[in-house]
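In: coords please:
(chains A and B)
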Number of protein chains: 2
Amino acid sequence: MTRRSLRDDANQEAYRRLAGARPVLRDIRPAIEVVPRMTRDLVLTSGPLLRWSDYEGGQRRALIGGALFEGLAADAAEAEAKLASGAIRIGACQDHDCIGSVAGIYTASMPVFVIENEAFGNRAFSNMYEGQARKRLNYGSYDDEVKERLDYINAAVAPVLGEAVRASGGIELAPIIKRALHMGDELHSRNTAASLLFAVALFPALLDLPPALRNEVKRVTALLVEDNYFFLRLSMGAAKASAAAIAGIPHASVLSTMGLNCRSFGIQVAGLDGWIEGPLPDPEAKLFEGHGKDEIAWLGGESIVTETVGLGGLAQAAAFPLFSYQGGEPLDMIARTEQMYAITIGEHPDYRIPVLKYRGTPTAIDIFRVVESGITPFLDIGIAGKGGVQIGAGVVQAPLPCFEAAVARYNDHYG
Amino acid sequence: MTRRSLRDDANQEAYRRLAGARPVLRDIRPAIEVVPRMTRDLVLTSGPLLRWSDYEGGQRRALIGGALFEGLAADAAEAEAKLASGAIRIGACQDHDCIGSVAGIYTASMPVFVIENEAFGNRAFSNMYEGQARKRLNYGSYDDEVKERLDYINAAVAPVLGEAVRASGGIELAPIIKRALHMGDELHSRNTAASLLFAVALFPALLDLPPALRNEVKRVTALLVEDNYFFLRLSMGAAKASAAAIAGIPHASVLSTMGLNCRSFGIQVAGLDGWIEGPLPDPEAKLFEGHGKDEIAWLGGESIVTETVGLGGLAQAAAFPLFSYQGGEPLDMIARTEQMYAITIGEHPDYRIPVLKYRGTPTAIDIFRVVESGITPFLDIGIAGKGGVQIGAGVVQAPLPCFEAAVARYNDHYG
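Out: Model (predicted):
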């Protein structure tokens, strides 16, 4: 077989696995119990792993916050010293099958969604949305308020939801994603319908919880649907569980993940090992009232795993409601999705977009198609500010150099 | 004041009332307990009232079925005789503040949603969706299966839901409609998101029902969300409660309702009394597999009250998912809604359409604007077959003659 046909076959296999993924929420457990190689002294963060001294700004503060939340240090100075000495270790989320939102902090006690890809037997983990508060650990903030919210998730939200999830026998996530795409969600910047569908799917199990938990159940249910972002972590976990099943397919030139740290944008390719890194994107974001472009800070982020599987920016045509969030022209969203078919191997058989006459979402991003067309994936991202809060949202295009480097490495490797 | 400025002021008032309506679901009760002038011997049906001998086809069969369901006759022959003699009386739904889906049968024991327009103090009533079965009373079918379903609604669904609605203190319907318009619903042919939002709004009250009802609560909750049409009756009731508040405004030339019986299409105008009738529409419908145009039957219908308040066909641009149901080109839905601004007085301040940059839905249809532009309202309707089942769905334009007759009558009346 020619090198090209090996690549084509491998990419078809990658497409087939992405299209056939079956992510199911099985459980909610503390990270220490379920995340591979998780340890008490480990803090996981988003993107390609850096040395402690290279973490800066919000991602650095988030790592310190994670260490404090986990009780690994008494104060920030001690945490910094221990992070520097290696007494507190730093890991990359995706090396542990986790997926990080913004700075993406995981520590041992944090509850995580356990998502199994039933079609291929692999698992992924995603931790829980901190809620609508402006200051959040994953945006680089840590104070009493942030701690209180995380404690509430650990002590109340996760146990109640976990009990219901286990009693339900598992919640299939693909049918929720499928229906949400018909209801204005693209499953990255908008998860409103998916959050409702998830809540409703969990109702029977919530109804069956012991009457003593009634008030807790009410509070948790309210949270599921008030926070329109609740499902984002499940969408990310489902995407990670789906994309991880293509990692390691020899000759495949399809993306198996994307991620950012505070210094670089990185991609992984199914047929290659490790991260390939390039410069950070240039955000043309719509900032919230009162914020300026000079405040924009990069502190990592792996929610773009949703784009990796054809959702988010690739499925903008499904999500006109985002107009209020990211600005622009609504009909441009159609044009963006249409462009994405030029860089993908196929169309998803189940995830379909009404305004495109139910055409399947563009699925399996090929680095060769990206470089040959010069079109890079659209990414729907939240914009963090230097002050440790979200200051806006928008759509950016992934920077091309990273894809050029990946093609060069692919050609080196497969010769 | 000139006649024209009297009309303009009156239409502004009508617009103001439609835009300011606040429909709230307060209760679910048997029609006999709450519907004005409801009696044991009365069967209500859709559209302008006809003599018994003029009801034909499915609407005639539905009236007989209603009489049988209510136990007013032992068999169809007895029911026909009693309907002919007046021993069983026939009424028009909207004369009793009810709103009929297709044939729209209401009898004394049937549970109805009690919807209050809190802004203006008036009430409207809507009975409950029969479910996904092909044969339904409101499509002109009545047999043991239809009866069983109606009995289940009377005996189980309505009591459980009614208990929850009362315990909830009332469910505000406008916020649900507002959010559903961002999630692919136009609140006539598509109510998927609204049904989910309603279920979620009711969930705290359902959780509080006595544990003995647990299994019933589960079945009813499943029904709320499995039947994507569940909310339609609430959307219709909310629209009727909203539109009824403009009836009787002197000089107003805005529609206060629309409705069909088996022989005619009718409208009511806020500043005029009674129905103005014209020919039935010509349906360009997408029929379900295996059905032909010769099977199409008219058996009444008042769900187009949703169009009267600017939803349904007027808000098609909100509902691209309908492409699978009604065919056509998705982007035509935008053009349809855009045309509707030519015949309406204003834009709804809360009901907004994402793809139109959150422009408000076209609100308050003016008969003069219709006749001057020659553009009539788009109506999203289900198509009934002669066999007593739904055979398709589509979009039709209301026939112009009825609007021309209304303008003539308006000019006669206001001179």
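In: contacts, neighbours, all on C-alpha from now
Out: OK.
In: Alongside chain B, which residues does chain A contribute?
Out: If contacts are counted using C-alpha under 8 Å from any C-alpha of the partner chain, the residues of chain A sitting beside chain B are A:182-185, A:193, A:196-197, A:199-200, A:204, A:207, A:214, A:218, A:225, A:320-324, A:329-331, A:354-358.
In: 6 Å instead, please
Out: Near chain B, the residues belonging to chain A are A:Met183, A:Gly184, A:Phe320, A:Pro321, A:Pro330, A:Pro354, A:Val355 when assessed by C-alpha under 6 Å from any C-alpha of the partner chain.
In: For those residues, which two are the farthest from each other?
Out: Put simply, by C-alpha to C-alpha the two of these set farthest apart are A:Met183 and A:Pro330, 15.5 Å from each other.
In: picking that back up, tabulate the residues of chain A next to chain B (a markdown table), appending secondary structure, neighbour count and pLDDT.
Out: A markdown table is the format used below for these (DSSP: H, G, I helix; E, B strand; the rest coil; neighbours: other C-alpha atoms under 10 Å in any protein chain shown; pLDDT from 0 to 100):
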| residue | secondary structure | neighbour count | pLDDT |
| --- | --- | --- | --- |
| A:Met183 | coil | 30 | 97 |
| A:Gly184 | coil | 33 | 97 |
| A:Phe320 | helix | 30 | 96 |
| A:Pro321 | helix | 27 | 94 |
| A:Pro330 | helix | 22 | 92 |
| A:Pro354 | helix | 22 | 97 |
| A:Val355 | helix | 21 | 97 |
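In: of all those, which comes closest to B:Gly47?
Out: Closest to B:Gly47, out of all of these and judged by C-alpha to C-alpha, is A:Met183, at 32.8 Å.
In: these two touch, right, that closest one and B:Asp185?
Out: No: applying C-alpha atoms under 6 Å, one finds A:Met183 not in contact with B:Asp185, separated by 8.0 Å.
In: residues contacting A:Ile88?
Out: Taking C-alpha atoms under 6 Å, 6 or more residues apart in numbering or on different chains as the definition of contact, the neighbours of A:Ile88 are A:Asp41, A:Lys82.
In: Closest approach to chain B from chain A, which residue is it?
Out: The shortest separation between chain A and chain B is 4.3 Å, found at A:Met183 (distances taken as C-alpha to the nearest C-alpha).
In: what's the nearest residue to that residue if we skip its chain neighbours?
Out: In space, A:Met183 comes closest to B:Met183 once its chain neighbours are excluded; the distance is 4.3 Å by C-alpha to C-alpha, 6 or more residues apart in numbering or on different chains.
In: Any chance of the backbone angles for the one you found?
Out: Main-chain dihedrals, B:Met183, degrees, to the nearest 10: phi -130, psi 30.
In: distance of it from B:Ala193?
Out: Computed with C-alpha to C-alpha, to the nearest Å, the distance linking B:Met183 and B:Ala193 is 6 Å.
In: A:Ala245 too?
Out: The span separating A:Ala245 from B:Ala193 equals 32 Å under the rule C-alpha to C-alpha.
In: Pick out whichever of the two has more residues nearby.
Out: B:Ala193 (30 against 21; other C-alpha atoms under 10 Å in any protein chain shown).
In: State the pLDDT value of the closest residue to A:Ala87 other than its chain neighbours.
Out: Leaving aside its chain neighbours, A:Ala87 sits nearest to A:Asp41 (7.3 Å; criterion: C-alpha to C-alpha, 6+ apart). Model confidence at A:Asp41, given as pLDDT, is 98.
In: How is A:Met38 assigned, secondary-structure-wise?
Out: Assigned by DSSP: H, G, I helix; E, B strand; the rest coil, the conformation of A:Met38 is coil.
In: For it, grab the count of nearby residues.
Out: Neighbour count of A:Met38, defined by other C-alpha under 10 Å: 18.
In: Tell me how far the residue nearest to it when sequence neighbours are not counted lies from A:Arg136.
Out: Using C-alpha to C-alpha, 6+ apart and skipping residues adjacent in sequence, the residue nearest A:Met38 is A:Ile32, 5.5 Å away. Separation of A:Ile32 from A:Arg136 (C-alpha to C-alpha): 22 Å.
In: Show me where the stretch 51-200 of chain A has its helices.
Out: Shown for the stretch 51-200 of chain A, the helices assigned by DSSP state H, counting those that start in this stretch span residues A:57-69, A:76-85, A:144-152, A:158-168, A:174-180, A:192-207.
In: got JSON lines for those, with distance to A:Met236 and mean pLDDT too?
Out: Conversion of these to JSON lines gives the following (distance: least, C-alpha to C-alpha, whole Å; pLDDT from 0 to 100):
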{"stretch": "helix A:57-69", "distance to A:Met236": "19", "mean pLDDT": "97"}
{"stretch": "helix A:76-85", "distance to A:Met236": "28", "mean pLDDT": "98"}
{"stretch": "helix A:144-152", "distance to A:Met236": "19", "mean pLDDT": "95"}
{"stretch": "helix A:158-168", "distance to A:Met236": "18", "mean pLDDT": "96"}
{"stretch": "helix A:174-180", "distance to A:Met236": "11", "mean pLDDT": "98"}
{"stretch": "helix A:192-207", "distance to A:Met236": "12", "mean pLDDT": "95"}
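In: Nearest to B:Asp95 among those helices would be which one?
Out: Closest to B:Asp95 of the helices of the stretch 51-200 of chain A, according to C-alpha to C-alpha: helix A:192-207, at 37.5 Å.
In: how far off helix A:158-168 does the next helix or strand after the closest one point, in degrees?
Out: Scanning forward in sequence from helix A:192-207 by DSSP states H and E, the next helix or strand is helix A:214-226. Interaxial angle, helix A:214-226 versus helix A:158-168 (axes from the mean of the first three to the mean of the last three C-alpha atoms, to 10 degrees): 90 degrees.
In: Tell me which helix or strand comes right after helix A:214-226.
Out: The element immediately downstream of helix A:214-226 (helix or strand, assigned by DSSP H and E) is helix A:232-244.
In: Now do the next helix-or-strand element following that following helix: which elements does it pack against?
Out: For helix A:232-244, the succeeding helix or strand toward the C-terminus, using DSSP H and E, is strand A:255-260. Counting contacts by 3 or more C-alpha pairs under 6 Å, 6 or more residues apart in numbering or on different chains; DSSP states H and E, the secondary-structure elements packed against strand A:255-260 are strand A:265-269, helix A:305-308.
In: Would you mark the buried spots in stretch A:146-157?
Out: Along stretch A:146-157, the positions that meet the burial threshold by neighbour count (16 or more other C-alpha atoms under 10 Å in any protein chain shown) are A:Val146, A:Lys147, A:Arg149, A:Leu150, A:Ile153, A:Asn154, A:Ala156, A:Val157.
In: For B:Lys293, state which of those residues is nearest.
Out: Distance to B:Lys293 across these (C-alpha to C-alpha) is lowest for A:Val157, with 54.7 Å.
In: For A:Ser126, list each beta-bridge partner.
Out: A:Ile99, A:Phe113 (DSSP bridges).
In: separation between it and B:Ile296?
Out: Taken as C-alpha to C-alpha, the spacing of A:Ser126 relative to B:Ile296 amounts to 52 Å.
In: and these two? which has more neighbours close in?
Out: Taking A:Ser126 and B:Ile296 together and counting by other C-alpha under 10 Å, A:Ser126 has the greater number of neighbours (30 against 19).
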